[in-house]
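Undergrad: Sequence first, predicted model second:
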Amino acid sequence: MNTGKIIMAAAVLAAIAGSAVCNRAEACTGITLKSKNGAYVYARTIEWGGSNLQSRYVVVPRGHAQRSYLPDGTADGMELKARYGYVGLAVEKPEFVAEGLNEKGLSAGLFYFPGYGQYETYNPALKGSTVADLQFVAAVLGNCADVDDVRRFIGKVHVVGIVPQASTVHWRFADKTGEQIVLEYIDGKARIYDNALGVLTNSPSFDWQMTNLNNYVNLYSGSAESHRFGGVTLAQFGAGSGMLGLPGDVTPPSRFVRAAFMQTSAPQYDSVQQTVFEAFHILNNFDIPIGVEFAAGQTPTDIPSATQWTSACDTENMVIYYRTMYDCSIRSIDLTKIDFGRIAYRNAPLDASPTQPVVEIAIR
């Protein structure tokens, strides 16, 4: 690699490190819904309150190649050549796909995992099979057709962090059959969990989050029946009293429990599009307003929301949906209308303008 490329790659990592160490609202919430016809929808939010992530969508054709960044600042790691075309939602740089869907119906996404994850130590002798954590979603989408492929791929690569002091991440992978796994690196070792529930947030580890659900065995949908309490009768004030005790803060354990409850109590719809809309409705409850993570006296970042975008992947009809902090309208990209064998690589901002559009309804 020539000196110019090394300098450029190092500058990219330095810029990302500058924003990553802000540690503002490193949050993500993922859910899974299933329509009556058996189609799965994998939806999630991505939060970052430190700065605008400059998010973009990327369309990656078959055969497109890129090199993974390495911890030494070069882009001389594993060659990531796409066997399958995919559409991804990227943060900071087009190479850093945080969520995506490929032409085989595989969904992949990264979620922040601060304080608990630890990747393996970088070994320069293995750089040809080394993938940066922030490029791992792209590597999987380009090389794997389903979750079984992902399991095999994990055993062939070495995942390393490339941004000093930045949070580690963990991943969710799911396919059109409904099979879903979570990948975490703990003490340098890969841990793969089957995710039958379909929920994922952040730290602590996935197995801890699942165990913690047992603390909320009392929750149920609907309303509590009135009953005698000593010499008085206790009765509900309104609908939803079965939810009493549901945590409402934005910490990852609380969001995990809340997402699990809302997901499992959601109705099952006839159509996939209704299911997609339901996923967005549920995830409305996980929007983080800018400011709540800043201490009193601190100036919040000049962005509309810490929840920078929300997405949903329809793996049956091959459509990826998204909305952003700048535009609440739901937009979609239909992968079935893309010829991944002919289209050129492209990337573009999720929003044409950093201004929330308001549509006036003219009354005459």
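TA: Received, thanks. As the structure is a prediction and not an experimental result, all values here were calculated from the model.

Undergrad: wait, is Arg228 part of a strand?
TA: Yes: under DSSP: H, G, I helix; E, B strand; the rest coil, Arg228 falls within a strand.

Undergrad: Against Thr307, how distant is it?
TA: Counting by C-beta to C-beta, to the nearest Å, the gap from Arg228 to Thr307 is 44 Å. Placement of C-beta: from N, CA and C, glycine included.

Undergrad: Between these two, tell me which one has more neighbours.
TA: The neighbour comparison of Arg228 against Thr307 (other C-beta atoms under 10 Å) goes to Thr307, with 26 against 8.

Undergrad: Bridge partners for that one, pull those for me.
TA: Thr307 has these beta-bridge partners by DSSP bridges: Glu47.

Undergrad: thought it was touching Ile46?
TA: Yes: using C-beta atoms under 8 Å, Thr307 is in contact with Ile46, at 7.4 Å.

Undergrad: Mean pLDDT per helix and strand in this structure: which one sits at the bottom?
TA: helix 3-20 (a mean of 48; mean pLDDT, DSSP states H and E).

Undergrad: and Ala90, what is it in contact with?
TA: By C-beta atoms under 8 Å, 6 or more residues apart in numbering, the contact list for Ala90 reads Ser55, Arg56, Tyr57, Val58, Phe96, Val97, Ala98, Asn347.

Undergrad: Which among the residues you listed count as buried?
TA: Ser55, Arg56, Tyr57, Val58, Phe96, Val97, Ala98 (16 or more other C-beta atoms under 10 Å).

Undergrad: where along the stretch 1-150 of the chain do the helices fall?
TA: 3-20, 136-143, 147-154 (DSSP state H, counting those that start in this stretch).

Undergrad: Roughly how far does Glu293 sit from Glu184?
TA: Distance from Glu293 to Glu184, by C-beta to C-beta: 24 Å.

Undergrad: Same check on Gln273?
TA: 33 Å.

Undergrad: If you count surrounding residues, which of these two has more?
TA: Glu184 (22 against 16).

Undergrad: What residues are bridge-paired with that one?
TA: Residues in beta-bridge contact with Glu184 (DSSP bridges): Arg191.

Undergrad: Asn195 is in contact with that one, correct?
TA: No: judged on C-beta under 8 Å, Glu184 makes no contact with Asn195 at a distance of 11.3 Å.

Undergrad: So what does the residue sitting furthest away from the middle of the chain look like in phi/psi?
TA: The centre of the chain is farthest from one residue, Gly231, which by C-alpha atoms, centre = their mean lies 50.7 Å away. With angles defined as degrees, to the nearest 10, Gly231 sits at phi -100, psi 10.

Undergrad: about what we covered before: now render the contacts of Ala90 as CSV, adding distance to Asn212.
TA: Output for the contacts of Ala90, formatted as CSV (distance: C-beta to C-beta, whole Å):
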residue, distance to Asn212
Ser55, 30
Arg56, 35
Tyr57, 34
Val58, 35
Phe96, 30
Val97, 30
Ala98, 25
Asn347, 38
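
Undergrad: Much appreciated, bye for now.
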